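Q: fold the following.
(one chain, ligands or ions: 2)
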Amino acid sequence: MTGRPFAPDLLAGKRILITGGGTGLGRAVARHLVEHGAQVHLWGRRPAVLDEAAASLPGSVHTQVVDVRDGERVDEAMGELWDEHGPLTGVLNNAAANFIAPTESLSPRAFDAVSGTVMKGSFHTTHGAGRRWIAARLPGSVVSTLTTWVWTGSAYVVPSAMGKAAVHAMTMSLAVEWARHGIRLNAVAPGPIPTEYAWQMLNPTGKSGVGATQADQIPMGRMGTVEELANLTMFLLSDACPYLTGQTIAMDGGQMLAGPGTFAGLAEMTDQDWADARAKSEAATAASKAQRGGLGGPH
Ligand SMILES: CCC/C=C/C(=O)SCCNC(=O)CCNC(=O)[C@H](O)C(C)(C)COP(=O)([O-])OP(=O)([O-])OC[C@H]1O[C@@H](n2cnc3c(N)ncnc32)[C@H](O)[C@@H]1OP(=O)([O-])[O-]
Ligand SMILES: NC(=O)C1=CN([C@@H]2O[C@H](COP(=O)(O)OP(=O)(O)OC[C@H]3O[C@@H](n4cnc5c(N)ncnc54)[C@H](OP(=O)(O)O)[C@@H]3O)[C@@H](O)[C@H]2O)C=CC1
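A: Ligands and ions are numbered 1, 2, ... in the order given. So this is what the prediction gives:
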């Protein structure tokens, strides 16, 4: 459906780090980056998962075991990467933790596990690459994978919504601060794209299937696809539009805008339902006109 809109050399010469690149969306996007000419580096906490992901990808893919919450380890790993392979051209802040829970049940460690991975992890990684780009007078591009909760918030995933909102703020702030260094920051906010771990965390039981992980309330009537996310991410990491910075782009089939406070649910109405509705409202208008004594109507 989406096809392959970009030339196979779109990302030739690019060296891109994907945090959390061993599974799910990160791993799937990594394949597209490699297939479009990029050198890809994957970070995550599980060596076997990273090795398996790297082996499954075409081309040479480098992996490092890094907990992105650990700022010192992030900087050390970034230094190793640059010394052994050369400067990055882009970073994809994709690593995240999340689970559904009543907020009052969360311990301090539970809050840190989720918000720290998203907020601190994205900061440490962006900072590690950014300060090296500035020192070397090199341009760079940072893309963070967020959620539409940065605009709406979300019940039952509060540490995630808070962490993602912080990275949204980082994206806008550093886009301005680092523009003079040729460093761009953008973000994507996908709607649901089912992945194994995320669905275990966010839709683990028969009773947990609500809006955020369902297609039925999405105006386009379906989940997103990895190809769509990869195409948007590649566009942002490429040189296609260097003037674009500081933006978080929702890619959700209209899900966020079809909230229960809107008339989005009227998509269910049939032609007959619409005819009935029109007849009712026209009758109400006719009654109103009869009381106006000739006033009103178009001028
Ligand atoms: C629409 C889709 C949008 C998708 C968005 C996404 O981001 S999807 C991305 C989805 N991908 C991922 O999430 C991938 C990464 N996820 C992970 O690594 C784990 O799932 C993690 C998030 C639990 C962190 O693991 P870790 O090894 O770093 O830490 P740990 O095991 O030591 O736990 C820390 C604390 O959390 C507590 N706690 C745990 N579970 C629950 C719960 N259900 N309820 C309440 N609390 C819970 C646990 O008890 C402990 O607190 P305590 O008792 O010590 O005070
Ligand atoms: N799937 C979806 O529908 C949506 C996903 N997103 C976002 O997309 C991104 C990918 O999600 P998805 O692929 O579904 O989920 P996954 O759970 O598959 O991916 C999360 C990745 O992050 C890694 N990770 C977690 N904690 C750390 C850490 N402390 N340090 C380094 N790596 C870490 C995990 O590997 P390991 O545990 O080995 O470290 C894993 O590879 C996330 O940012 C998520 O919020 C946004 C909207 C919708």
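
Q: quick one: stretch 138-146 near ligand 1?
A: No - using CB under 6 Å from any ligand atom, stretch 138-146 never reaches ligand 1; the gap is at least 8.4 Å. (C-beta placed from N, C-alpha, C; glycine too.)

Q: can you tell me what sits against the lowest-mean-pLDDT helix or strand in the chain?
A: When the helices and strands of the chain are scored by mean pLDDT, DSSP states H and E, helix 196-202 comes last with a mean of 92. The list of residues contacting helix 196-202 from outside it, by CB atoms under 8 Å, 6 or more residues apart in numbering, reads 23, 24, 97, 98, 99, 100, 157, 208, 212, 213.

Q: run the last query once more with 10 Å
A: Contacts of helix 196-202 with the rest of the structure, by CB atoms under 10 Å, 6 or more residues apart in numbering, involve 20, 23-25, 96-101, 114, 156-157, 160, 192, 194-195, 208-210, 212-213.

Q: show me what from the protein comes close to ligand 1.
A: So far as CB under 6 Å from any ligand atom goes, the chain lies against ligand 1 at 96-99, 101, 105-107, 109-110, 113-114, 147, 160, 192, 197-198, 201-202, 212-213.

Q: can we see that at 8 Å?
A: For the chain, the residues in contact with ligand 1 (CB under 8 Å from any ligand atom) are 20, 23-24, 45, 69, 95-101, 105-110, 112-114, 117-118, 147, 157, 160, 164, 190-193, 195, 197-198, 200-202, 212-213.

Q: ok, and of those residues, which contact ligand 2?
A: With the criterion set as CB under 8 Å from any ligand atom, the members of those near ligand 2 are 20, 23-24, 45, 69, 95-98, 117-118, 147, 160, 164, 190-193, 195, 197-198, 201-202, 213.

Q: of those residues, which belong to strands?
A: Counted as lying in strands by DSSP state E, out of these, are residue 190.

Q: buried subset of the ones next to ligand 2 among the residues of the chain next to ligand 1, written for ChimeraX?
A: Those of those that count as buried under 16 or more other CB atoms under 10 Å are selected in ChimeraX with:
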select :20,23,24,45,69,95,96,97,98,117,118,147,160,164,190,191,192,193,195,198,201,202,213
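
Q: contact partners for residue 176?
A: Residue 176 touches 185, 245, 246, counting by CB under 10 Å, 6+ apart.

Q: can I get these in CSV including secondary structure and neighbour count?
A: Listed next are the contacts of residue 176 as CSV, based on DSSP: H, G, I helix; E, B strand; the rest coil; neighbours: other CB atoms under 10 Å:
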residue, secondary structure, neighbour count
185, strand, 29
245, coil, 20
246, coil, 15
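
Q: show me what contacts the residue lying closest to residue 264 once chain neighbours are set aside?
A: Spatial nearest neighbour of residue 264, chain neighbours left out: residue 258 (3.5 Å); criterion: CB to CB, 6 or more residues apart in numbering. Residue 258 is in contact with 211, 217, 218, 219, 220, 252, 264, 265, 267, counting by CB under 10 Å, 6+ apart.

Q: measure how buried the fifth one is and give me the count.
A: Residue crowding around residue 220 was assessed by other CB atoms under 10 Å; the count is 13.

Q: what does the residue lying closest to it once chain neighbours are set aside show for phi and psi?
A: What sits nearest to residue 220 in space, not counting adjacent residues and going by CB to CB, 6+ apart, is residue 253, at 3.4 Å. The phi and psi values for residue 253, taken as degrees, to the nearest 10, are phi 60, psi 20.

Q: likewise residue 177?
A: Summarising the backbone geometry of residue 177 under the convention degrees, to the nearest 10, its torsions are phi -60, psi -40.

Q: show me where the stretch 101-250 of the chain has its helices.
A: 108-115, 121-136, 149-152, 158-177, 196-202, 226-237 (DSSP state H, counting those that start in this stretch).

Q: which residues sit against the shortest one?
A: When you say that, I think you mean helix 149-152. When contacts are defined by CB under 10 Å, 6+ apart, helix 149-152 is touched by residues 144, 155, 157-158, 160-169, 171, 187, 189, 212, 248, 250, 256-257, 259.

Q: thank you kindly, that will do.
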